[in-house]
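In: Have a look; sequence and predicted model below, questions after that.
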Amino acid sequence: MGQIAWKALCLSLFDYKTEKYVIAKNKKVGVLYRTVQLSIMAYIVGWVFVVKKGYQDVDTSIQSSVITKVKGVAFTNTSELGERLWDVADYVIPPQGESVFFVMTNLIVTPNQRQSTCPESPGIPDALCYRDTDCPEGEAVVAGNGVKTGRCLKVGTNRSGTCEIFAWCPVEKKGRPRKLLLANAENFTIYIKNSIRFPRFKFSKTNVLNTDDNSYLKNCRYGPDHLYCPIFSLGTLVHWAGSDFQEMASEGGVIGIQIEWDCDLDKGSSRCNPQYYFNRLDNRFAAKSISSGYNFRFAKYYRDSSDVDFRTLIKAYGIRFDVMVNGKAGKFNIIPTIINIGSGLALMGAGAFFCDLVLLYLLRKSNFYRGKKYEEVRSTIRKSLPETSVNGNQSCDSLSRLDQLRQIQAVET
Amino acid sequence: MGQIAWKALCLSLFDYKTEKYVIAKNKKVGVLYRTVQLSIMAYIVGWVFVVKKGYQDVDTSIQSSVITKVKGVAFTNTSELGERLWDVADYVIPPQGESVFFVMTNLIVTPNQRQSTCPESPGIPDALCYRDTDCPEGEAVVAGNGVKTGRCLKVGTNRSGTCEIFAWCPVEKKGRPRKLLLANAENFTIYIKNSIRFPRFKFSKTNVLNTDDNSYLKNCRYGPDHLYCPIFSLGTLVHWAGSDFQEMASEGGVIGIQIEWDCDLDKGSSRCNPQYYFNRLDNRFAAKSISSGYNFRFAKYYRDSSDVDFRTLIKAYGIRFDVMVNGKAGKFNIIPTIINIGSGLALMGAGAFFCDLVLLYLLRKSNFYRGKKYEEVRSTIRKSLPETSVNGNQSCDSLSRLDQLRQIQAVET
Amino acid sequence: MGQIAWKALCLSLFDYKTEKYVIAKNKKVGVLYRTVQLSIMAYIVGWVFVVKKGYQDVDTSIQSSVITKVKGVAFTNTSELGERLWDVADYVIPPQGESVFFVMTNLIVTPNQRQSTCPESPGIPDALCYRDTDCPEGEAVVAGNGVKTGRCLKVGTNRSGTCEIFAWCPVEKKGRPRKLLLANAENFTIYIKNSIRFPRFKFSKTNVLNTDDNSYLKNCRYGPDHLYCPIFSLGTLVHWAGSDFQEMASEGGVIGIQIEWDCDLDKGSSRCNPQYYFNRLDNRFAAKSISSGYNFRFAKYYRDSSDVDFRTLIKAYGIRFDVMVNGKAGKFNIIPTIINIGSGLALMGAGAFFCDLVLLYLLRKSNFYRGKKYEEVRSTIRKSLPETSVNGNQSCDSLSRLDQLRQIQAVET
């Protein structure tokens, strides 16, 4: 008998069990359920598959390399500096063409600074003094340029003066430059070469046209006709970022250049094109705020014939560009496809759950349907009774419907 | 007839089919199932919705701009350099106020290096020599400063010496600086301006108070009362990162400043505040390790009156600050809400599956419930029999319970 | 009675409801369903748990600090520069050891540039002239080095010449350097120290062996035996990135060094090791393209005894290294484990749905199974009839099978 039993068992393993359904001939809930089903189908097909491309394996770990190059010259003629020509090596900081670079458009120069003593700049509160004891020796001036020497320097017969300090002297003059120095910077061009790679799909691309024409990159400018000519004039960039060039160049600011690669590799590499977005990143809304603008100080160091160091201090205003690259690539893959279909179908269960609630608790005839849907079994007393006779005993989940239920049951049984 | 049939079909499309359930009046499994249901509900409401905010669409592609500015001066008086004042243009590298910057706190200066010949530094193994043939001409010293000229230089009557090299001479002296030079650096202040933008929600914010009070940023320091004053003293920063300033400033190190924006845009922009975290990023645990500290060499180039280049080599020790910004913003959206509710309900199915296992295989009366749950149908012989009479034939999935099953069946049928 | 009813209700809350199943003794569908079940099980266990480690909580917000240091010297002897030794302070830009750095391997030097007038470089189209009016005064030369002075300079009896410009004079000579200058750079070593931290798990690690042996880092090179010695020779790096050193060093290029930390913290920290990947990031396929290579210009500024600025312009070719760190750490957590099991089980529902389609619509006996699976109930007329007698009325979902259905029904009823 064991033999036969085993065989029966193995056979029964391949019986297919399917849920038993009750057909409720109720058009209201039926329409509701079909609507829910259609919505879920629309969601799966429309949103998950068409919009979000749920059938694709996605690689977001883009490898990117950005090389930038600024071109252009500007001529200035000021009383301080005389006639002077500015080229790339002068106004781009740092020079090495990284993804973050700064184009100097305005500057305050303090030449020939040497380590010595001089009066502190008048605008600094901590350097205000009436007598020498206001300037304790060796104390650094708060938010100032040097350490106090212990003397209070007064001009003429003024009651107050400024502390003498040991510093790089003379100190920088306060105040913003009167007029924009490198107004010409508007015509400078920026070349942004970006090579990307999606390691998972072994796919590489660059944002520069692959041409043999040497003169192409010399004459083109980025535009709807030249999507693969990543050369921008500085003025246009600032304009696209929604700012005014004159204002930005004289106060300084930061512009974000975002390159986005959204590649559908099922459609071929020619459909994988970079998108450029330009934003002003420092807070432009706070034009009147104390924290607006962008500037920094740097120095050029020299040594005179008697081996003493001196320097030229430059407070540079200008535009910093932050090139940011992000992207994703998708390619058909069976696993996400199945997962998305499966979880979409699982959502149907939630829809059925919702319709059940309506059918079993919100309709006038809920009571009847509950009796049909739920078949009560009890293993103790009623073992010998036909199991379909117990359909009068509904379970109840809803507390508020209790009394009503009891009455109906009394009638039915 | 086709007419009627079509109509019937279309009507039947809107019949609602609902699964037929068997009510097992078994309190153990009932309590178990309600517990599972409650846990899943608690998980969905508590974890998915309250903690993880599953009802929100989340944007993690934050656009960020960081501008940094260091302030402060330090006075030093050493035998090598004499009296000297250090200001921002001297000790901050690079000067342009990016998100990664270095504050020099200690240095070894080797002034007046010229291209010529001199003995290699004694500590380098490859430069040790006993005779001229130990220094083959033109060979670069491994981990050294120049190329060998072919001569072995000995001091006095020593048996061994060091190779003569062609290099920037004299070479840098080995050894760490005796004492911390810019001990004052503790009082330097760092201003970190961070403007962020979430492009999907068109939401911008900055970490600086939007005030008209010009003096606010001159006097405030970051603290519980001044969350929108991103000005930190260097000593405090190092302390918050869990390090000792004196040790870190003399050996060098890297501090990570993390700014985190976790914004719930359903609650209004005033609830979207930056959080600052400070960490020592170079391995502080390996204080005694060979790889601890942070330093690098750079040079200032000069030209003398006879047009010969010379330079000052500086080995700089100090603290590098890496400002890292990340954040996410969430806003209510119907799609993730539905997805999360739906997949939560789908989880209930897994709970039911688990309870079914208990009911059908682990209880004493499993056999009985199995018979009620599964209704066997066979399309061949038994076609005319009432389908409810076959409840004695259970399928069995569990191999180990086979014999037991057969006996029960024998009794029942 | 309310008392009793309430008690009954509360008891009925703990009745367990389980779906009623129909066992279809159909081996085809049975085998199909078991296959689907096994595939889903294999997917859950194999893919979700073993490959994707779905039982782990994952932290991808790695905190990373990179410190780089280049070592090595090169000796050159050219007619322009004479004998010269290049050390780290000369050829590494920027010097501060960040994650992006440039090693200069080739250069064009234009010494002693001063602000004055000189002829523009001949190769520039915009500077070509036949008479003085071709060079309007004050106009900048497009893609050139200065502003036109209004004179056209011709050599000898040539018909055409180049405009005179005000610029840093003399201008740089066109053309690439004839031979690789720092060919020795192949032997330079790069030390890449990377400390990481996973904040969620409070786990830190570094890619340098934690040893007390001072000489270890002086002698080791990265390799299968020295995974914790992150020192690479420049030539090897370029080779591993799949490029030719001589070509890359003379034209310039960008190499990406990717450090990947994939840490399974359930297995202990010794199993969490860095992986290095080397890629050429600028588009190497476009060797003949106009956009290949990597170079930039920078200047060293000097001041002569009469206080006039002059500079040395350097066009630097070389290799830029971008060190990129990414990683993730996983640790067992109960929540993702449950989620993954649950959603796997929910997938089974999709499998059952698919098998139902086969059973109910594609088999010869579909009609019969449909009758068994769906039990029609109607609340109006047939209230008193036994509900199991309506099994002849199948619902139909498939329009195309309508007539066939009707005929079968006619036979059955």
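Out: Arrived safely. Just so it is clear, the structure is predicted and the values come from calculations on it, not from any experiment.

In: Which elements pack onto the longest strand belonging to chain A?
Out: In chain A, with assignment by DSSP state E, the single longest strand is strand A:309-332. With contacts defined as 3 or more Cβ pairs under 8 Å, 6 or more residues apart in numbering or on different chains; DSSP states H and E, the secondary structure elements packing on strand A:309-332 are strand A:56-59, strand A:63-71, strand A:100-119, strand A:189-198, helix A:234-240, helix A:245-251, strand A:253-264, strand A:295-303. Just so you know, the C-beta spots here come from the backbone N, C-alpha and C atoms, and that holds for glycine as well.

In: let's see 6 Å
Out: For strand A:309-332, the contact count by 3 or more Cβ pairs under 6 Å, 6 or more residues apart in numbering or on different chains; DSSP states H and E identifies strand A:56-59, strand A:100-119, strand A:189-198, strand A:253-264, strand A:295-303 as packing neighbours.

In: what about whatever residue of the stretch 1-150 of chain A ends up closest to chain B, which SS state?
Out: Ranking the residues of the stretch 1-150 of chain A by distance to chain B (Cβ to the nearest Cβ) places A:G30 first, at 3.6 Å. The assignment at A:G30 comes out as helix when based on DSSP: H, G, I helix; E, B strand; the rest coil.

In: which residues does it contact?
Out: Residues in contact with A:G30 (Cβ atoms under 6 Å, 6 or more residues apart in numbering or on different chains) are B:14-16.

In: got TSV for those residues, with pLDDT too?
Out: Below are the contacts of A:G30 laid out as TSV (pLDDT from 0 to 100):
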residue	pLDDT
B:F14	81
B:D15	81
B:Y16	83
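
In: from those residues, which are also near chain C?
Out: B:D15 (Cβ under 6 Å from any Cβ of the partner chain).

In: burial count for A:S269?
Out: Close neighbours of A:S269, defined as other Cβ atoms under 10 Å in any protein chain shown, add up to 11.

In: backbone phi and psi for it, please?
Out: phi -70, psi -20 (degrees, to the nearest 10).

In: re the thing from before, can you put the helices and strands packed on strand A:309-332 in CSV and add distance to chain C?
Out: Shown next, in CSV, are the helices and strands packed on strand A:309-332 (distance: least, Cβ to the nearest Cβ, whole Å):
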stretch, distance to chain C
strand A:56-59, 13
strand A:100-119, 8
strand A:189-198, 5
strand A:253-264, 14
strand A:295-303, 5
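
In: Determine which of those strands approaches C:A5 most closely.
Out: With distances scored as Cβ to Cβ, the stretch of these nearest to C:A5 is strand A:56-59 (56.6 Å).

In: Sheet partners, orientation included, of the closest one?
Out: Counting by DSSP bridges, the strands paired with strand A:56-59 are strand A:309-332 (antiparallel).

In: List the buried residues in the strand it pairs with.
Out: Within strand A:309-332, the residues that qualify as buried are A:309-325, A:327-331, counting by 16 or more other Cβ atoms under 10 Å in any protein chain shown.

In: Do me a favour and average the pLDDT over that strand.
Out: Per-residue pLDDT values across strand A:309-332 average out to 92.

In: Stretch A:99-114 now?
Out: In this model, stretch A:99-114 carries a mean pLDDT of 92.

In: does chain B sit close to it?
Out: Yes - using Cβ under 6 Å from any Cβ, we find that stretch A:99-114 touches chain B at A:F102.

In: So which bits of that stretch are buried?
Out: A:99-111, A:113.

In: just how off-centre is stretch A:21-30 within its chain?
Out: Between the centre of stretch A:21-30 and the centre of its chain there are 49 Å (Cα atoms, centre = their mean, to the nearest Å).

In: now stretch A:52-61
Out: In terms of Cα atoms, centre = their mean, the centre of stretch A:52-61 is set 19 Å apart from its chain centre.

In: Contacts for it, please.
Out: Under the contact criterion Cβ under 6 Å, 6+ apart, stretch A:52-61 has outside partners A:48-49, A:198, A:200-201, A:328-333, A:336-337, A:340.

In: one more time with 10 Å
Out: Outside stretch A:52-61, the residues that touch it by Cβ atoms under 10 Å, 6 or more residues apart in numbering or on different chains are A:44-49, A:197-201, A:203, A:263-266, A:326-341, A:343-344, B:335, C:258, C:260, C:324, C:326.

In: Compute the first-to-last residue distance for that stretch.
Out: With Cα to Cα, to the nearest Å as the measure, the first residue of stretch A:52-61 is 18 Å from its last.

In: what is the mean pLDDT for that stretch?
Out: The model assigns stretch A:52-61 a mean pLDDT of 86.

In: Report the buried residues of that stretch.
Out: Applying a neighbour-count criterion of 16+ other Cβ under 10 Å, one finds A:53-57, A:59 buried in stretch A:52-61.

In: Flag the shaky bits of the stretch 101-250 of chain A, pLDDT-wise.
Out: Counting by pLDDT under 70, the stretch 101-250 of chain A shows low-confidence ranges at A:178.

In: tally of neighbours for the closest residue in space to A:W47 that isn't next to it in sequence?
Out: Beyond its immediate neighbours in the sequence, the residue positioned closest to A:W47 (Cβ to Cβ, 6 or more residues apart in numbering or on different chains) is B:I335, lying 7.0 Å away. Counted with other Cβ under 10 Å, the neighbours of B:I335 add up to 13.
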